[in-house]
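Chemist: Compute the structure for the input listed below.
(4 chains)
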Number of protein chains: 2
Amino acid sequence: MYSYQYPHPAVTTDCVVFAFDGRRLKVLLIERGIQPFKGKHALPGGFVRLNESVDECAVRELREETGLLVERLEQFHTFGAVGRDPRERVITVAYFALVKPERVSGGDDAAAAAWFALDELPSLAFDHREIVDAALTCLREDIHFHPIGFELLPEIFTLTDLQRLYEAVLGVSFDRRNFDRKILKSGLVIRVDGQMAHGNGGRPAAVYRFDAQRYNEFKRDGFRLEF
Amino acid sequence: MYSYQYPHPAVTTDCVVFAFDGRRLKVLLIERGIQPFKGKHALPGGFVRLNESVDECAVRELREETGLLVERLEQFHTFGAVGRDPRERVITVAYFALVKPERVSGGDDAAAAAWFALDELPSLAFDHREIVDAALTCLREDIHFHPIGFELLPEIFTLTDLQRLYEAVLGVSFDRRNFDRKILKSGLVIRVDGQMAHGNGGRPAAVYRFDAQRYNEFKRDGFRLEF
DNA sequence: GTAGTTTGTGTCATTTTTACACAAAAATAT
DNA sequence: ATATTTTTGTGTAAAAATGACACAAACTAC
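Modeler: Okay, the predicted model is just below:
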């Protein structure tokens, strides 16, 4: 029993984990094992402990509930409406993460966790649908400033992969030649020699990797990819 | 006495209120009347009540402590490190607001509140310095997408005023003719006829006001002012 | 091998950006 | 009053970025 002179809300973290399967953005959801909303899908998350920072809580809860150990969790909004949890007053700090496709069906012990395409989300517990929508909005703004491909694509990729990612996130489509020109001019990607991407049902494509140094400069100074 | 089965942190809100005096950005601070950090300067803010949303708390606390009733408070980050308050575990949700200069030395009953230039901030209580810095970073990103001049400048203003605002926020300087051309082409401002801005020690300048409709379009669709 | 899919490649017109200088109007100093 | 200082108003030319656009080559699937 923990007593306070004034009433205290509970504080949780929730994580919206995005991945890209080459066509669509996906989100990692768990199935709730307890009431309320037992059996419904929800974002991985849980209560903040007093001896951990909120950021640490987000990382820990995500790992505990899905097996994913994520390098970077980006806090994007805190949801603090009255009544968003039927049990008690709960304020949740929401994070999003980007993971590479290697980890989507990977060896993580994500028994209860599963990926859902953004446009085929099941009904979610609490206000988690609103949280996912807010995360997506945030990602769409972020993509203008941060070269997020680094975190969502495999180590090596084709320019078409990168273009599909941008198109999926922003919901638009680009001219292939103009897109390539812009990306190449930025110096963000480096061509990987002696390798081609086969198996797409067409002419093999040149493969690229991100230039980590240039990538970090962009993260620091801002990156402007405007279409 | 309020008791819980598990320990709960306290949750507060803090507000970074920015104003622009024509030269520099200023921040509204209060002087703490109680321990801890009694006598030190701090951001206006306080504990979230269970019957109000976190957003409502931010508005209420700002009004109670400074007399300012702000139309829009923008939540930008939640600070959740362990030990950031010596009394107990406190997580704070931070907001920022922009106010017009009319309200800076205005009739608000802001007895204990005072404005400080950003580059002359006193030492602050808690981690509030870090919060101010984060707010400024956020404002610098925001200015690229939102025509914040509407909220920081008086109803009518000169293009030089607007340019000084951008220069103060971003810490750079622009060519006057190129700046004017870009602003005018955007259609964001409308010239106010029959009035000139005298008293600046030079040739009188044409005065402008924001086009509210165009302003709202920009807020919805995004606004790109790149220099 | 045939059809279908995907990649690689370049140019031109338009738009946008950047750099840059001097005269006019007012305030200030003498 | 007069001179000096400060601030505003105005245009152009070169460079860079953007957007539109088509066809041949390399592979896969059948």
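Chemist: Stretch A:145-164 near DNA strand D at all?
Modeler: No - Stretch A:145-164 stays out of contact with DNA strand D when judged by C-beta under 7 Å from any atom of the strand, the minimum separation being 12.8 Å. Where you see a C-beta, it was placed from the backbone N, CA and C, and this is true even at glycine.
Chemist: For that stretch, what is the distance to the chain centroid?
Modeler: Remark: stretch A:145-164 is offset 14 Å from the chain centroid, using C-alpha atoms, centre = their mean, to the nearest Å.
Chemist: Show me what from chain A comes close to chain B.
Modeler: By C-beta under 8 Å from any C-beta of the partner chain, the part of chain A that sits against chain B consists of A:1-11, A:47-55, A:57, A:75, A:77-78, A:80-82, A:89, A:91, A:93, A:141, A:145, A:224, A:226.
Chemist: Could you list every helix and strand that the helix or strand bottoming out on mean pLDDT in chain A packs against?
Modeler: Lowest on mean pLDDT, DSSP states H and E among the helices and strands of chain A sits helix A:212-221, with a mean of 79. Contact partners of helix A:212-221 among helices and strands, from 3 or more C-beta pairs under 8 Å, 6 or more residues apart in numbering or on different chains; DSSP states H and E: none.
Chemist: Of all the residues in that helix, which ones are buried?
Modeler: A:214-215, A:218 (16 or more other C-beta atoms under 10 Å in any protein chain shown).
Chemist: do stretch A:191-201 as well
Modeler: Buried residues in stretch A:191-201 (16+ other C-beta under 10 Å): A:Ala197.
Chemist: what's the model's confidence in it, averaged?
Modeler: For stretch A:191-201, mean pLDDT rounds to 89.
Chemist: any idea how far the longest helix along chain A is from the chain center?
Modeler: The residue-count maximum for a helix in chain A (DSSP state H) belongs to helix A:128-142. Averaging C-alpha positions (C-alpha atoms, centre = their mean) puts helix A:128-142 10 Å from its chain's average.
Chemist: With stretch A:10-26 instead?
Modeler: 4 Å.
Chemist: Pull out the buried residues from it.
Modeler: So for stretch A:10-26, counting by 16+ other C-beta under 10 Å, buried means A:10-20, A:25-26.
Chemist: re earlier: out of the residues of chain A next to chain B, list just those in helices.
Modeler: Among these, the members falling in helices (DSSP H) are A:54-55, A:57, A:141.
Chemist: Where does the prediction get shaky in chain A?
Modeler: A:104-111, A:220-227 (pLDDT under 70).
Chemist: Just checking: what are the partner strands of the strand or helix carrying A:Ala114?
Modeler: Take DSSP states H and E as the rule and A:Ala114 turns out to sit in strand A:113-117. Its sheet considered, strand A:113-117 pairs with strand A:25-31 (antiparallel) by DSSP bridges.
Chemist: Next, the angle from the partner strand to helix A:128-142.
Modeler: 150 degrees (axes from the mean of the first three to the mean of the last three C-alpha atoms, to 10 degrees).
Chemist: Next SSE downstream of strand A:25-31?
Modeler: Criterion used, DSSP H and E; the element after strand A:25-31 is strand A:41-42.
Chemist: For that next one, which outside residues touch it?
Modeler: A:29-32, A:116, A:121-126, A:128 (C-beta atoms under 8 Å, 6 or more residues apart in numbering or on different chains).
Chemist: Which of these are buried, as a ChimeraX select command?
Modeler: Selecting only the buried entries of those in ChimeraX, with 16+ other C-beta under 10 Å as the criterion:
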select /A:29,30,31,32,116,121,124,125,126,128
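Chemist: would you put the C-alpha positions of stretch A:124-135 in CSV?
Modeler: Extracted in CSV, the C-alpha atoms of stretch A:124-135 (Å, rounded to 0.1, in the frame of the first residue of the first chain):
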residue,chain,number,x,y,z
LEU,A,124,-7.7,-1.4,-30.3
ALA,A,125,-8.0,-1.1,-26.6
PHE,A,126,-8.2,2.2,-24.7
ASP,A,127,-7.4,5.2,-26.9
HIS,A,128,-4.7,3.3,-28.7
ARG,A,129,-6.1,3.9,-32.1
GLU,A,130,-5.7,7.6,-31.5
ILE,A,131,-2.1,7.1,-30.4
VAL,A,132,-1.3,5.1,-33.5
ASP,A,133,-2.8,7.9,-35.6
ALA,A,134,-0.8,10.5,-33.8
ALA,A,135,2.4,8.5,-34.2
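Chemist: picking that back up, and the residues of chain A next to chain B, which of them are buried?
Modeler: Counted by 16+ other C-beta under 10 Å, those give A:7-11, A:47-49, A:52-55, A:57, A:75, A:77-78, A:80-82, A:89, A:91, A:93, A:145 as buried.
Chemist: wait, A:Phe47 sits on B:Gln5?
Modeler: No - the criterion here is C-beta atoms under 8 Å, and A:Phe47 misses it with B:Gln5 at 10.9 Å.
Chemist: on that earlier part again, among the buried residues of stretch A:10-26, which ones are in strands?
Modeler: Among those, the members falling in strands (DSSP state E) are A:10-20, A:25-26.
Chemist: So which bits of chain A are right by DNA strand C?
Modeler: So chain A meets DNA strand C at A:158-160, A:176-178, A:180, A:200-206 (C-beta under 7 Å from any atom of the strand).
Chemist: Counting neighbours, what do you get for the residue of chain A found nearest DNA strand C?
Modeler: Nearest to DNA strand C in chain A, going by C-beta to the nearest atom of the strand, is A:Gly202, at a distance of 1.8 Å. When neighbours are defined as other C-beta atoms under 10 Å in any protein chain shown, A:Gly202 has 8 of them.
Chemist: do the same with A:Arg177
Modeler: 8.
Chemist: can you list the domains in chain A?
Modeler: A:10-142, A:149-221 (automatic domain parsing).
Chemist: Just send the ones you listed back as CSV, with distance to B:Gly39 too.
Modeler: Shown next, in CSV, are the domains of chain A (distance: least, C-beta to C-beta, whole Å):
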stretch, distance to B:Gly39
domain A:10-142, 28
domain A:149-221, 38
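Chemist: For B:Val132, find the nearest of the ones you listed.
Modeler: domain A:10-142 (17.8 Å; C-beta to C-beta).
Chemist: mind checking the SS state of the closest residue to DNA strand D within chain A?
Modeler: Using C-beta to the nearest atom of the strand, the closest approach of chain A to DNA strand D is made by A:Arg203 at 3.1 Å. When classified by DSSP: H, G, I helix; E, B strand; the rest coil, A:Arg203 comes out as coil.
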